[in-house]
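*Asks:* Just to be clear, the model below is a prediction. Sequence and coordinates:
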Amino acid sequence: MPYPVFDLHCDTADRLAWQSLPAALREALNMDTYGPGDEKDPAGITQLACNHGHISLDKVGQLSWAQCFACYIPDELTPAQAHAFFDHVSAYLGEQVERNAPRIVLAQSAADIRPALHARHTVAIRTIENATLFAEDPRLVAAASEQGVLMASLSWNAPGPLASGHDAPERGLTAAGRAIIAEMEREHMVLDVSHLNDRCFAEAASLTERPFVASHSNSRSICGHRRNLTDEQFAEIRDRGGIVGLNFADIFLSDAAPTTPPSFDDISSHIDHWLELGGEDVIALGSDFDGCDTPPVIETAAEMPAFQQKLEARFGGRLTAKLCAENALTFFERWAR
């Protein structure tokens, strides 16, 4: 029997909206297409129902599936450009959800998610990756929350106006970033610490009172990529009552990737390690679909039923249910707007 899915991160909204970006934004980004292979069939990656990417409604099939659709904001954009980019991607996602209703519904709050899953809908959840638009005006946090944005991260890889990723490991949070964290906590918008460098992670942990999330980060003890979490960072999230989303990006799963594609054993090694750290109620899914290269065992959303069977055989039904959806559902119902 398939398990419901609650996936904390994908880049699908960007990939779908890219072809219709305003000319000024496409010129600033100097990218005609978003994902690999899109240049061969640009029209084939514009529709949510059916596309050649990792996630489509057809690939989700009959599974009850809640998906965090991040608006990923590239590092190259200024806060004003990021605001325009967010508006475009957000509007495009809304149009796609409306076009495919009632097959998919848009969550306006965390309370909407579980009932929609029980009704066997696909659920779209708005999130932001690299919320540099908030640097333009802190009031945008409240405005985004009103639009149903439940979670946001402060950086991607480069130094930013709020925080920095691992391309700048020496830099901490900016004054603007500290102010935005306070605004997010007031609005009950969940802080996503994926992509923060280690210094920014520590500073964010010292400033926050509410639990936070690493939406798509694996274990650095199992795969040494700096984007992955140290055991101490995982323990901080655990002890605060947060959750961590298992990322399917091959380079975050195995040190041998991409030369050797990760296996299911490579994926389960991260789960095993987190369980050893007391993470039964912490682990979740954070696929990074449409934002990474994925291993054959979970190449797209279409492989999820078979992937769940492997999880069930390895970890049992109770843990599989927690990992696939229940831990994320419980967290957002407790802590998000």
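*Replies:* On my side now, so go ahead.
*Asks:* Please enumerate the strands of the protein.
*Replies:* 5-10, 65-72, 104-106, 122-129, 149-153, 190-192, 213-214, 243-246, 283-285 (DSSP state E).
*Asks:* I'd like these as a markdown table, with distance to Thr78 appended.
*Replies:* Placement of C-beta: from N, CA and C, glycine included. Below are these laid out as a markdown table (distance: least, Cβ to Cβ, whole Å):
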| stretch | distance to Thr78 |
| --- | --- |
| strand 5-10 | 24 |
| strand 65-72 | 16 |
| strand 104-106 | 28 |
| strand 122-129 | 16 |
| strand 149-153 | 18 |
| strand 190-192 | 21 |
| strand 213-214 | 27 |
| strand 243-246 | 29 |
| strand 283-285 | 33 |
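*Asks:* Mean neighbour count, those strands: which tops it?
*Replies:* Each of these was scored by mean neighbour count; the highest is strand 213-214, a mean of 31, by mean count of other Cβ atoms under 10 Å.
*Asks:* So which residues of this protein form helices?
*Replies:* 12-17, 23-29, 57-60, 79-99, 113-118, 139-146, 175-187, 198-207, 231-240, 250-253, 264-276, 304-315, 317-321, 327-335 (DSSP state H).
*Asks:* Of all those, which one is nearest Asp41?
*Replies:* When the helices of the chain are compared by Cβ to Cβ, helix 12-17 sits nearest Asp41, at 12.3 Å.
*Asks:* looking at the helices of the chain, which is closest to Asp38?
*Replies:* Closest of those to Asp38 is helix 12-17, at 7.2 Å (criterion: Cβ to Cβ).
*Asks:* can you list contacts of that closest one?
*Replies:* With Cβ atoms under 8 Å, 6 or more residues apart in numbering as the test, helix 12-17 has contacts from 34-35, 38, 45-48, 51, 53-55, 67, 69-72, 88-90, 92-93, 96, 289-290.
*Asks:* so where's this structure shaky on pLDDT?
*Replies:* Within the chain, no stretch has pLDDT under 70.
*Asks:* The closest residue in space to Gly245 that isn't next to it in sequence and Ile104, how far apart?
*Replies:* Take Gly245 and drop its neighbours on the chain: the residue closest to it by Cβ to Cβ, 6 or more residues apart in numbering is Gly286, 2.0 Å away. The gap separating Gly286 from Ile104 is 20 Å, by Cβ to Cβ, to the nearest Å.
*Asks:* Please apply the same query to Ser287.
*Replies:* 17 Å.
*Asks:* What of Leu311?
*Replies:* Look at Leu311 and Ile104: by Cβ to Cβ, they are 24 Å apart.
*Asks:* What of Glu276?
*Replies:* For Glu276 relative to Ile104 (Cβ to Cβ), the value is 37 Å.
*Asks:* so who does Ser194 touch?
*Replies:* If a contact means Cβ under 8 Å, 6+ apart, then Ser194 has His9, Glu129, Ser153, Val213, Ala214, Ser215, His216, Ser217, Arg227, Gly245, Gly286 as its contacts.
*Asks:* The same query, at a cut-off of 7 Å, please.
*Replies:* The contact partners of Ser194, taken as Cβ atoms under 7 Å, 6 or more residues apart in numbering, are Ser153, Ala214, Ser215, His216, Ser217.
*Asks:* how about those in a markdown table, adding distance to Pro22?
*Replies:* What follows is those, written out as a markdown table (distance: Cβ to Cβ, whole Å):
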| residue | distance to Pro22 |
| --- | --- |
| Ser153 | 24 |
| Ala214 | 32 |
| Ser215 | 27 |
| His216 | 28 |
| Ser217 | 32 |
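*Asks:* I'm done for today, thanks for sticking with me.
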